[in-house]
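S.K.: no sequence for this one, just the structure:
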């Protein structure tokens, strides 16, 4: 007997798959906003910084970087929250590997925030210092 070439858990294909994927993505954003304080805080920061990046007299490349940095922190927070949820689903017991996974997700967010500060600080300093 030959093994299956695709997972039996694969869902729809074509346009139906795209519509389902969009729904799952929106569910994920709603869940993050509802259950993750850090995601709400970073969303507020992005809501302030994105219009400011559009308004400031900077080059198009600088504007793109200034907009990408807060969006990157939101993406990182979604991944960090997904890691935490998966680890907590597996077990609520303390385990060194669970701690390592959660700490690494947190470290990724720290680097994202440092990146945001360096991008914004560097561009603003370069223009107005």
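M.R.: Done, it's in. Since the model is a prediction, treat every value here as computed from it, not as a measurement.

S.K.: What strand or helix carries residue 71?
M.R.: Taking DSSP states H and E as the criterion, the element that holds residue 71 is helix 60-90.

S.K.: Return the set of buried residues in that helix.
M.R.: For helix 60-90, a neighbour-count test (16 or more other CB atoms under 10 Å) marks 62-63, 65-67, 69-70, 72-74, 76-78, 80-81, 83-84, 87 as buried. C-beta here means a position set from N, CA and C on the backbone, and glycine is covered the same way.

S.K.: Kindly report the same for stretch 108-118.
M.R.: Judged by neighbour count (16+ other CB under 10 Å), stretch 108-118 contains these buried residues: 108-109, 112-113, 115-116.

S.K.: next one: stretch 27-40
M.R.: 32, 36, 39.

S.K.: same deal with stretch 88-103?
M.R.: If you call a residue buried by 16+ other CB under 10 Å, then stretch 88-103 has these buried ones: 98, 101.

S.K.: Can you spell out which helices and strands pack onto the helix holding residue 71?
M.R.: In terms of contact count using 3 or more CB pairs under 8 Å, 6 or more residues apart in numbering; DSSP states H and E, helix 60-90 is assigned the packing partners helix 14-35, helix 37-55, helix 96-128.
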